[in-house]
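# Okay, here's the prediction I keep looking at, along with the sequence it came from:
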Amino acid sequence: RELFEAFPPESTALPEFLPGDRDDIPPIAYASKLPDHEMVIEAGLWNEGVAAYIAAVSFADRIVGMIIDTLDNSAYADNTVVVLWSDQGFHLGEKELWRKSTLWHESTRIPLIIRAPGVGAAGQESTRPVSLLDVYPTLIELCGLPPQPDLEGSSLVPLLRDPEAIWDQPAVSSGGRRAHAVITEEWRYIRRIDGSEELYDLTADRNEWTNLALRPELEDTKTELAAWIPTTDAEPI
């Protein structure tokens, strides 16, 4: 309860929101989404919902702190690699959505924190785009195990040593069969099962409010990004 009380709804900042944000987005992007945002607004609970989310994340953060404190006070502090990640991000009203399972920034961006004793400096942050496919190759290298060349991910050890190291590959997120997003530091390109496209300039438009996919002058950019889209999709489980 003290965490809920620490974040009173009336003083909780809401996410940045653009009315009409859906106007330039392919309809298929919303075909299976529930009207959560409309219901939240009708009930007058947007601030409460965001505050509750912050309280929940703060609780998880507290538990992580307890685990790290225990590790630091043990005999294993100097030879234990710690990786903290989550499954997906979460919309809190952005693009008139709540929950997750979209190919936009709010749903595909997650915490990814790696503490590897003796590798890199503490507290460093890298802006390079990476994915959860990279976690296993990273652990293989950190633990001194034989590399497995058939893995799709890449070891993040070079970025742990130097967050500004050259990283010439994007991150790829998938949202079902033939629905993928390709993310670099500058761009997010989305192509869905019906062939519809979205393209966002992440340098000038961090909120992904303006879909540039129909701009003729950006055809070459789309082609370069589309080259990273998977050519085969696994059958649904």
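Thanks, I have the structure now.
# alpha carbons only for contacts and neighbour counts from here, please
OK.
# hmm, what's the outermost residue in this structure?
Using CA atoms, centre = their mean, the residue of the chain lying farthest from its centre is residue 75. It sits 33.7 Å away.
# Could I get the pLDDT score of that residue?
Confidence at residue 75, expressed as pLDDT, is 97.
# Can you tell me the SS state at it?
Classification of residue 75 using DSSP: H, G, I helix; E, B strand; the rest coil returns coil.
# And for residue 135?
helix.
# who's in contact with it?
153-156 (CA atoms under 8 Å, 6 or more residues apart in numbering).
# Surely residue 100 is in contact with residue 90?
Yes - between residue 100 and residue 90 there is a contact under CA atoms under 8 Å: 4.8 Å.
# List the buried residues in stretch 204-214.
Buried residues in stretch 204-214, counting neighbours by 16 or more other CA atoms under 10 Å, are found at 207-213.
# Also stretch 213-229?
213, 222, 225-226, 228-229.
# how about those in JSON lines, adding pLDDT and secondary structure?
Formatted as JSON lines, the buried residues of stretch 213-229 follow (pLDDT from 0 to 100; DSSP: H, G, I helix; E, B strand; the rest coil):
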{"residue": "213", "pLDDT": "97", "secondary structure": "coil"}
{"residue": "222", "pLDDT": "98", "secondary structure": "helix"}
{"residue": "225", "pLDDT": "98", "secondary structure": "helix"}
{"residue": "226", "pLDDT": "97", "secondary structure": "helix"}
{"residue": "228", "pLDDT": "96", "secondary structure": "coil"}
{"residue": "229", "pLDDT": "95", "secondary structure": "coil"}
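# so which two of the residues you listed are the farthest from each other?
213 and 228 (16.5 Å; CA to CA).
# Mutual contacts of residue 100 and residue 90, please.
In contact with both residue 100 and residue 90: 106-107, using CA under 8 Å, 6+ apart.
# Tell me which of these two has more neighbours.
Remark: of residue 100 and residue 90, residue 90 carries more neighbours, 20 against 17, as counted by other CA atoms under 10 Å.
# Roughly how far does the more buried one sit from residue 46?
Using CA to CA, to the nearest Å, we find residue 90 at a distance of 14 Å from residue 46.
# Tell me the secondary structure at residue 172.
Going by three-state DSSP: residue 172 is strand.
# same question, the one 10 residues further on
The three-state label for residue 182, taken from three-state DSSP, comes out as strand.
# Residues in a beta bridge with it, which ones?
residue 172, residue 189 (DSSP bridges).
# Name the spans of this structure whose pLDDT lies under the cut-off.
For the chain, no stretch has pLDDT under 70.
# sorry, back to before: can I get the buried residues of stretch 204-214 in JSON lines including secondary structure and distance to residue 149?
JSON lines is the format used below for the buried residues of stretch 204-214 (DSSP: H, G, I helix; E, B strand; the rest coil; distance: CA to CA, whole Å):
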{"residue": "207", "secondary structure": "coil", "distance to residue 149": "36"}
{"residue": "208", "secondary structure": "coil", "distance to residue 149": "35"}
{"residue": "209", "secondary structure": "coil", "distance to residue 149": "39"}
{"residue": "210", "secondary structure": "coil", "distance to residue 149": "39"}
{"residue": "211", "secondary structure": "coil", "distance to residue 149": "37"}
{"residue": "212", "secondary structure": "coil", "distance to residue 149": "36"}
{"residue": "213", "secondary structure": "coil", "distance to residue 149": "35"}
